[in-house]
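next comes the sequence, and after it the predicted model I'd like to discuss.
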Amino acid sequence: MYCIDTSALLHGWKRDYPPDIFKSLWDNLTELGQSNNLISPDEVLLELKRGDDDLCAWMEEREYIFIEPDEEAQKVVAEIVNRFPDFVPEESHDGVWADPYVIAVAKVKNATVVTGEKAVGPGAKRPKIPNICQELGIECITLLELIRREGWTF
């Protein structure tokens, strides 16, 4: 099971694997979601709605991927923001921040995080999703690694 982050979707759709060229990738992601092997917290959809674009519309058609974090996941979110205060952004113009929810849902569901973020070194101002996942013992991969694991070719 995979828990996908906004950055993986954005980078994939807009930069690395646009659907006009990699249609079968997006079909495969749809199938993963339909089989409950691709999930994401509702907060990711809220972040995508900021763009109000074709990716947002595509994801809205696949709302079954998005889950509301349960009480256990909410507790993990609280643990993350308390344990890693530098992870919390200084501001969010609309109050939406999906990162800790992606990690928390993955932890509760025993899923692998899929993100477009890269780990940062110890001197960085703010850790990224891969850094927090490593600290919490949660597997974290890129969209390309998901493609390889699933054996998809194009």
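Looks like it arrived, so ask away. Numbers count the residues shown, from 1 in each chain.

in the protein, which spans are helices?
6-11, 23-34, 42-49, 54-60, 71-83, 99-109, 129-136, 143-150 (DSSP state H).

mind listing residues that contact the last one?
In this case it means helix 143-150. Around helix 143-150, the neighbours that count as contacts under Cβ atoms under 8 Å, 6 or more residues apart in numbering are 2, 4, 8, 11-12, 16-17, 25, 28, 32, 112, 114, 116, 141. For glycine as for every other residue, the C-beta is placed from the backbone atoms N, C-alpha and C.

what's the answer for the shortest one, then?
Helix 6-11 is touched from outside by 44, 47-48, 51, 55, 59, 98, 114-117, 129, 142-143, with contacts defined as Cβ under 8 Å, 6+ apart.

likewise for stretch 18-38?
Counting by Cβ under 8 Å, 6+ apart, 1-2, 4, 12-13, 17, 39, 58, 62, 64-65, 147, 150, 152, 154 sit against stretch 18-38.

can you get me a residue count around G137?
7 (other Cβ atoms under 10 Å).

show me the contacts of stretch 18-38 that map onto strands.
Y2, I4, I39 (DSSP state E).
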